[in-house]
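Novice: only the shape, not the letters, is given here:
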């Protein structure tokens, strides 16, 4: 099956301030099913900038090392620790990819270094069991995911010139029988597709791939036979970053990245930084030459580089939590003078599909005051009625922060683990039976932290046992040359300029 990459024409891209908090823009994208392509006209709703206040900060417990200004960069040999303690961490350093199935964690160990498999059944003594070195597992980046429904670990990857993995591959492993020793199902080239992030549909039969640069396309792969992935459909021009589906697989939610003057992506959304909703029921139903109806998209003016949406329901209503990797850029690419905030998270009510609305924001005082300390991922502890959302840092000294979201309109911070020299964290996963969370980053590798002082799981009484003093194991050694190369590649794949150009 052939894919077509079609240029996108933006009919109108100037966003005019509107008194009723929205502006309409008509634009054209192109969607392709097999070799059949058709235009896709859309109308854009733009949320205006609104001043925000910081999310309420936690009350730290005995023995904690509290920060002075919420969200400030970690300082000192131990950083800042509130209602958490480090349990353990495992090297080598990670890029940005982490997936979890059962008592096993899978994280990308660096470009070309493979995906490390860690048995975390004993959080205090995590055990590296093997490293997966098939083609996509060598460069999974943020396209490493698990289908809990099917027990499959999947990754899509295509590296940059000179890395040795320029050819796109989809890798699949069976983790259902023994998650610590995945069984290879297939490592298969998929010509014509480029990868940055990816996600399984709820049933695990479709794998969606996004590409934030170049043509800016999203592709659906049929992976019912995971050893023989087939292209079902593609759409170009969305500057698509991360993506996720509804549990039934009939909706696809795409975060779109706005990088004025940096990215060559022909952006169909006219510089939109926000979320696109697509009806992908024809893809889910395997209709020949499927099409995906644009339901709507929603943008905001005080963020840039929307990272990835995560779907959840609370009180029976559907929501997305979406992070920005940066702030201060308007939806039309104009700096919002005096209204800059750091990249943070928004909780969006999507019960009215065509009129989504932000119900709350998760933001630190440092992000409000200084535009610093951006979040990279913010993930709920579970898909139905989550109790907490965990956020990891992006490109700066930070770490992990947890927020009580039982009342989605009024989130409250309950804990943080802000590590010195930390850089770029993955999604976080929670284990309520052990009271722990796990994430990966470029400095410490795979990190396991536990909650103390009874803050999580909710309803657990504070223990009378003594809470151990804060300790920190040294960062895992990594050559400055390798670290610099990794940071440079991450910036490139996220559509950001080199450090020298960004200054």
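Specialist: Sure, I can see it. Since the structure is predicted, the reported quantities are computational estimates derived from the model, not experimental observations.
Novice: quick one: the helices in the stretch 401-503 of the chain?
Specialist: For the stretch 401-503 of the chain, the helices defined by DSSP state H, counting those that start in this stretch cover 480-493, 499-502.
Novice: those: lowest mean pLDDT?
Specialist: Of all the helices of the stretch 401-503 of the chain, helix 499-502 carries the lowest average pLDDT, namely a mean of 36.
Novice: which secondary structure elements does the strand or helix carrying residue 242 contact?
Specialist: Using DSSP states H and E, residue 242 falls within strand 240-245. Packing partners of strand 240-245 (3 or more C-beta pairs under 8 Å, 6 or more residues apart in numbering; DSSP states H and E): strand 197-200, strand 206-210, strand 251-256, strand 303-314. (Each C-beta comes from the backbone N, C-alpha and C, glycine too.)
Novice: want to throw those strands into CSV with mean neighbour count?
Specialist: Below are these laid out as CSV (neighbours: other C-beta atoms under 10 Å):
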stretch, mean neighbour count
strand 197-200, 25
strand 206-210, 27
strand 251-256, 26
strand 303-314, 24
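Novice: any chance of these in TSV, with mean pLDDT and distance to residue 190 too?
Specialist: Listed next are the helices and strands packed on strand 240-245 as TSV, based on pLDDT from 0 to 100; distance: least, C-beta to C-beta, whole Å:
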stretch	mean pLDDT	distance to residue 190
strand 197-200	94	11
strand 206-210	95	8
strand 251-256	92	18
strand 303-314	90	21
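Novice: would you list these in a markdown table and tack on distance to residue 458?
Specialist: Compiled in a markdown table, those are given as follows (distance: least, C-beta to C-beta, whole Å):
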| stretch | distance to residue 458 |
| --- | --- |
| strand 197-200 | 28 |
| strand 206-210 | 33 |
| strand 251-256 | 27 |
| strand 303-314 | 14 |
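Novice: of the ones you listed, which is nearest residue 75?
Specialist: Closest approach to residue 75 among the helices and strands packed on strand 240-245 (C-beta to C-beta): strand 303-314, 25.7 Å.
Novice: following that closest one, which helix or strand comes up?
Specialist: Taking DSSP H and E, what comes next after strand 303-314 is strand 317-327.
Novice: tell me which residues of that following strand come out buried.
Specialist: 318, 319, 320, 321, 322, 323, 324, 325, 326, 327 (16 or more other C-beta atoms under 10 Å).
Novice: from those residues, which two are the most distant?
Specialist: Comparing every pair within those by C-beta to C-beta identifies 318 and 326 as the most remote, at 26.8 Å.
Novice: residue 298 contacts residue 352, correct?
Specialist: No. Using C-beta atoms under 8 Å, residue 298 is not in contact with residue 352, being 10.9 Å away.
Novice: same drill for the two, tell me which one is more crowded.
Specialist: Under the neighbour definition other C-beta atoms under 10 Å, residue 298 and residue 352 were set side by side, and residue 298 has more, 24 against 9.
Novice: confidence-wise, which helix or strand of the protein is lowest on average?
Specialist: One helix or strand of the chain scores below all others by mean pLDDT, DSSP states H and E: helix 499-502, with a mean of 36.
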